[in-house]
Each structure stands twice: as C-alpha cells, then as structure tokens.
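Student: Quick one, fold the following:
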Amino acid sequence: MQYELIATATFGLEAVVKREVEKLGYEVLAVEDGKVTYAGDKRAIVRSNLWLRTADRVLLKMAEFPAATFDELFEGTKAVAWEKLIPADGKFVVTGTSVKSKLHSVPACQKIVKKAMATRLCEAYGLSVMPEMGADYTVKITLLKDRVTLTVDTSGEGLHKRGYRVQNVPAPIKETLAAALVELSFWNRDRMLVDPCCGSGTIAIEAALLGRNIAPGLARSFAAEAWDTIPEALWKEEREAAFAAIDQAGELRILASDIDTKAVEAARANAEEAGVDADIVFTRRNIRDLTVPADVENGIFITNPPYGVRIGEQKELTVIYRAFTDLLKQNPGWSLFLITGDKVREERICGRRADRRRKLYNGRLETCFYQFHGKKQSSRDRTE
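Tutor: Reported below is the predicted structural model:
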C-alpha cells in the first residue's frame, strides 16, 4: 500500500531533505515551507526514520480537505478510515496549529478532531468508548487558509534525538542541523574536516556518521514500532540492512577542538556513545593556536561558534574571526562553512564576502550559514 509521507524540515533545509528522500529512492510529490511530501510504503516509513539525517520528523498524511466551520472539520475528520491505522485499544492525542483560518482556536479544533476520531473508531469497533490503553498515535491538525491537513507522527521523539548525546554544553546545535551543515558543505570522507569550536562535538560526530554510512536512527526507537500496521520483522530487517551498510574501510580525518576543557570531555563522551570516537581527534586548543597539516591543501572548516549573545562572547567572536582570516590566508585551498546568529558584516569573518549565504534556524534563533570557498588549485599549481 502506498502512503503520502511528509518529512518535516527546519526552514531553509527543504532542499537538503528532498535530496535525502530521493537518495532513499522515493518520489517527491511536493516541496513546501518546512516540509517535503513524498510517496512510500510501510518500508518507506521504517527506512525514512532510520536514515533521514536532516529531517525533523516523518509524518503519515491521512487526509486533506477544506473546513471553515466546526461541522466541516468534524465531518471531514470522521470520513477518514482511522480504523485502518489505529486499533481498538489505540491511544491517540491531537495537537494542532492554525494560520490565517476562520477556525483559529487550536484547542477547540483539537477537541473536534478528537471527538470525530473517537466517533468513527467506536462505530468501527462496536465500542461505546475507546479504552486508549495501547500504542501511541499522535495526530496533528494543521489549518492553513481554511484547509485542513491531518497527519500522524511516525517518529515519536524528534529525529534529532539520535541517542548519543550523553553530555551537553550550553546552546548545543541540533543534530539534524549539524548534519545539514555537513551536507551543504558537500564534504566527503576523502577530505579533512576541522571544527575548531566543537562544543559537544555534534558537527564532527554527524560528519563521522555520514562518513561511515551509519544510519542516524540506528540506536533509537520510533513511535511507529509499536503499531500493529508495520510488522516487527520489517523493522528488524531494515535495521540489519543498516548495520550491514556501515563502511569501516579506510580512515576519516576529522579534527575537533575547543578552548573549554569540559566541552572537549563532553564531545569525547558523545562520540564514544555514537561509536565514532576512533574517527575523530579531539583536543583542547585555542583557535589562535590552530594549525592544519601541511600535506592537506583543500580541507574544510565547519563550525558553530558562540553567537555573541551573552556578555563577553562578542570579544571572543572577534578573536575567532581574526583567527579564521589568518587561517584562510595561510591555507588558501581550505574552505570555511560557519553558522552564526551574530549580526556581523560577513567581511569581518574572514576578510572577504562569502561565496554563498543561507538563512537557517537553530531552534527559534535566526542564523546565517556563510560559505567561503577555498581557491581551486590548477594542475600547474599541483605539479610545482
């Protein structure tokens, strides 16, 4: 059976998520703000949750219809064959949003949807009341310009919850966003990657997971695993395939450092939990003392420095920007990919305008992802 699935995404990352969905072999039906809709079967639900690195959640689309009144909302919801997904003992909660719609009271809409679902399910199972003692089904009603979309969350906790973050630091970057920064840099395992402001190590860890082809959801569980509609054997089969796909051949050259000793300790612990500690060299180092190996001519810096929000951080950022200016002058073949919420002229970051820039959100904070591309070497340069 084919379903319409929705991979939700942080604003600005829709194109990255689309590439991931297509790489998994699924047909993308639509790309809109914050979501990628695609076609897939039960296996697609399993594989999407296991493999999508940059999406926030995987939703199962149940229905879409216009509704400008509560009666229309009730009847449209009741018309959905919920019994094909939710068993007689299924536990279902309803969340929602409403934007530019006549039905603007979200709590009222949630109650209507819940009532309509309960009515349909009770009729289908011959019950007077739903016991709701079984597996969880989180239903979301999204109202946009009087059009209703009903979805069910297959992921449970957000996909950024990989399970490896055992130690933290203040203001960590989300795992899904860190993975997106690596994807946007078009880094590959043959190039050196350096994060000189590594914090809890998320960027380096996500790069190592990508370099080793480790499915980011391999060590966690998902809401849909408890559903009767997706056989347990299917989850087991896809997990075994994901384990078999891990690539341990060759060496990854990933360096991560931070001025804060506790941050480096946290990063090491997280990398060990993720199973990639052998692929990352962690050191405590001031960025002003950072050097790169002389034999590496076209490496990549990817980093998430402090944003200059708290007292003292602006001074720290000035030091970081000066260090990058010096590093890129000394290593013209290296590229810098830096995300910051600091409202700074990009020329201050490394002495020139960025080759590309992209607005992204780190949580609710608006940031800019600056991309400074290194100088390409000519064949003459390489032979001299």
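Student: Spatially nearest residue to residue 137, not counting backbone neighbours?
Tutor: Excluding its sequence neighbours, the residue lying closest to residue 137 (Cβ to Cβ, 6 or more residues apart in numbering) is residue 92, at 4.3 Å. Placement of C-beta: from N, CA and C, glycine included.
Student: buried set for whichever strand or helix holds the one you found?
Tutor: For residue 92, the element it lies in under DSSP states H and E is strand 91-99. Residues of strand 91-99 classed as buried by neighbour count (16 or more other Cβ atoms under 10 Å): 91, 92, 94, 96, 98.
Student: Just the buried residues of the next helix or strand after it, please?
Tutor: Downstream of strand 91-99, the next assigned helix or strand under DSSP H and E is helix 106-125. Of the residues in helix 106-125, 109, 110, 112, 113, 114, 116, 117, 118, 120, 121 count as buried by neighbour count, 16+ other Cβ under 10 Å.
Student: mind listing the strands in the stretch 101-250 of the chain by residue range?
Tutor: 136-144, 147-153, 193-195 (DSSP state E, counting those that start in this stretch).
Student: Pick the most buried one from these.
Tutor: When you average the neighbours per residue for each of these (mean count of other Cβ atoms under 10 Å), strand 193-195 leads with a mean of 27.
Student: How far does that strand sit from its chain's centre?
Tutor: 20 Å (Cα atoms, centre = their mean, to the nearest Å).
Student: Now do it: which elements does it pack against?
Tutor: helix 202-211, strand 254-258, strand 300-303 (3 or more Cβ pairs under 8 Å, 6 or more residues apart in numbering; DSSP states H and E).
Student: deepest of the ones you listed, which one?
Tutor: Of all the helices and strands packed on strand 193-195, helix 202-211 carries the top mean neighbour count, a mean of 27, counting by mean count of other Cβ under 10 Å.
Student: mind exporting that helix as PDB, just the C-alpha atoms?
Tutor: Extracted in PDB, the C-alpha atoms of helix 202-211 (Å, rounded to 0.1, in the frame of the first residue of the first chain):
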ATOM      1  CA  THR A 202      27.900  17.400  17.200                       C
ATOM      2  CA  ILE A 203      29.200  18.600  13.800                       C
ATOM      3  CA  ALA A 204      32.200  16.200  14.000                       C
ATOM      4  CA  ILE A 205      30.100  13.300  15.100                       C
ATOM      5  CA  GLU A 206      27.500  13.900  12.400                       C
ATOM      6  CA  ALA A 207      30.300  14.000   9.800                       C
ATOM      7  CA  ALA A 208      31.700  10.700  11.100                       C
ATOM      8  CA  LEU A 209      28.300   9.100  11.000                       C
ATOM      9  CA  LEU A 210      27.900  10.200   7.400                       C
ATOM     10  CA  GLY A 211      31.500   9.200   6.500                       C
END
